[in-house]
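Visitor: Generate a structure from the sequence data that follows.
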Amino acid sequence: MASLEKLLVISSEDKNNPTSSNSNFIVDLKESYYTQNVLRVLVKEITVPNVFPNIRGSDYGSSQNNILDFIEGGALQITLPEGQYLINSSNPLLDFTSILETAMTSVGVATITVSYNELTNKIVFEVANDGSPNVTIPASTPMANVLGITSDLTIPATATPTSPEGQVDLSGYSNVYIHSKEVADVHGIDGDSGLIALVDPISLADAPFGSYAYKQENDDELASIVYEDSRNLKRIRIVLRDNLGNKLPIGTHTMNIVLKIYLASG
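Guide: Residues are numbered from 1 along each chain as shown. Okay, here's the model as predicted:
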């Protein structure tokens, strides 16, 4: 059977509902004939914005990491403002350690200092020997991965610098993922979720915060999605997710996908 080839452009700017999310949207393509009887798809290009802060709030579901629980006699909790923080910055509005220190001391009675060790790339906590209680940070706290905490960390009130076992991680997302049930309903396999509608992953490694990540697929075998039966791609939903499956907000920024589709021609 011969096939026809067409390039299919999907953009959040073409979404059905102008008020819906730019990263979770439906497009009804105006072209009807050349979007039916699709045999396979090649992912050609994807453009997504990197607008995902390294300290994330509740909009990021299970990837929220701006909450720190700690015990200081009793259970305490702080919530840092969502944002793109820097480590050891001279700007007090961006410096992660100084903001964390201020937040922790504001809710408790212990005299806590928080610093950064450039040699080990670890956060350093210190509780003053002034009658302050010991401070414990549980490994279950949402901020644990950022701080490098892999097991409960107890900071003695003896003015002893204490660091987590792991290194601090303010790198943010390394990858994001395009999902579409219509385009790739069982194309991907996730370690936690099983079969997923993964169209393609996009690396953010070369896309600084606030810029756009661009991916061009040059390997047809890796980029190919083959269907058991031909399908209609006139109506497509696109969702941008993280590695845990959380839907990612991109605000008014746009995202674009270019697919090469192969159609049965009889």
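
Visitor: From now on I want contacts and neighbour counts done on CA atoms only, so please keep to that.
Guide: Noted.

Visitor: per-residue confidence at the residue lying closest to residue 179 once chain neighbours are set aside?
Guide: Closest residue to residue 179 apart from its sequence neighbours, by Cα to Cα, 6 or more residues apart in numbering: residue 198 at 4.6 Å. As predicted, residue 198 sits at a pLDDT of 95.

Visitor: neighbours around residue 75, how many?
Guide: Taking other Cα atoms under 10 Å as the criterion, the count of residues near residue 75 is 12.

Visitor: what's the spacing between it and residue 138?
Guide: Using Cα to Cα, to the nearest Å, residue 75 is found at 10 Å from residue 138.

Visitor: go on, residue 192?
Guide: 24 Å.

Visitor: higher neighbour count, those two?
Guide: Applying other Cα under 10 Å to residue 192 and residue 138 shows that residue 138 carries more neighbours, namely 19 against 9.

Visitor: State the distance from that one to residue 205.
Guide: On the measure of Cα to Cα, residue 138 and residue 205 end up 30 Å apart.

Visitor: same question, residue 231
Guide: 34 Å.

Visitor: Tell me who's in contact with the closest residue in space to residue 184 that isn't next to it in sequence.
Guide: The shortest distance from residue 184 to any non-neighbouring residue, by Cα to Cα, 6+ apart, is to residue 197 (4.9 Å). If you count contacts by Cα atoms under 8 Å, 6 or more residues apart in numbering, residue 197 has them with 179, 180, 181, 183, 184, 185, 186, 187, 188.

Visitor: Now pLDDT, distance to residue 127 and secondary structure too, for these, in a markdown table please.
Guide: A markdown table is the format used below for the contacts of residue 197 (pLDDT from 0 to 100; distance: Cα to Cα, whole Å; DSSP: H, G, I helix; E, B strand; the rest coil):
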| residue | pLDDT | distance to residue 127 | secondary structure |
| --- | --- | --- | --- |
| 179 | 97 | 46 | strand |
| 180 | 97 | 50 | coil |
| 181 | 96 | 52 | helix |
| 183 | 96 | 54 | helix |
| 184 | 95 | 52 | helix |
| 185 | 91 | 52 | coil |
| 186 | 86 | 52 | coil |
| 187 | 88 | 51 | coil |
| 188 | 89 | 47 | strand |
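
Visitor: Model confidence score at the residue lying closest to residue 208 once chain neighbours are set aside, please.
Guide: Once flanking residues are discounted, residue 208 sits nearest to residue 50: 6.9 Å by Cα to Cα, 6+ apart. Note on residue 50: pLDDT of 98.

Visitor: what's the burial count for residue 50?
Guide: There are 24 residues near residue 50, going by other Cα under 10 Å.

Visitor: Surely it touches residue 203?
Guide: No - taking contacts as Cα atoms under 8 Å, residue 50 lies outside contact range of residue 203: 9.8 Å.

Visitor: got any residues that touch both of the two?
Guide: Shared contacts of residue 50 and residue 203, counting by Cα under 8 Å, 6+ apart, come down to residue 213.

Visitor: pLDDT below threshold where in the protein?
Guide: Residue ranges of the chain with pLDDT under 70: 1-3, 266.

Visitor: hmm, try it at 80
Guide: Regions of the chain meeting the criterion pLDDT under 80 cover residues 1-3, 193, 265-266.

Visitor: Tell me the helix or strand right after the helix or strand hosting residue 202.
Guide: If you go by DSSP states H and E, residue 202 is part of strand 198-203. Sequence order places strand 212-216 as the next helix or strand after strand 198-203, per DSSP H and E.

Visitor: which is the next helix or strand following that following strand?
Guide: helix 220-223.

Visitor: Check which helices and strands that next one is in contact with.
Guide: Under the contact criterion of 3 or more Cα pairs under 8 Å, 6 or more residues apart in numbering; DSSP states H and E, helix 220-223 touches strand 38-49.
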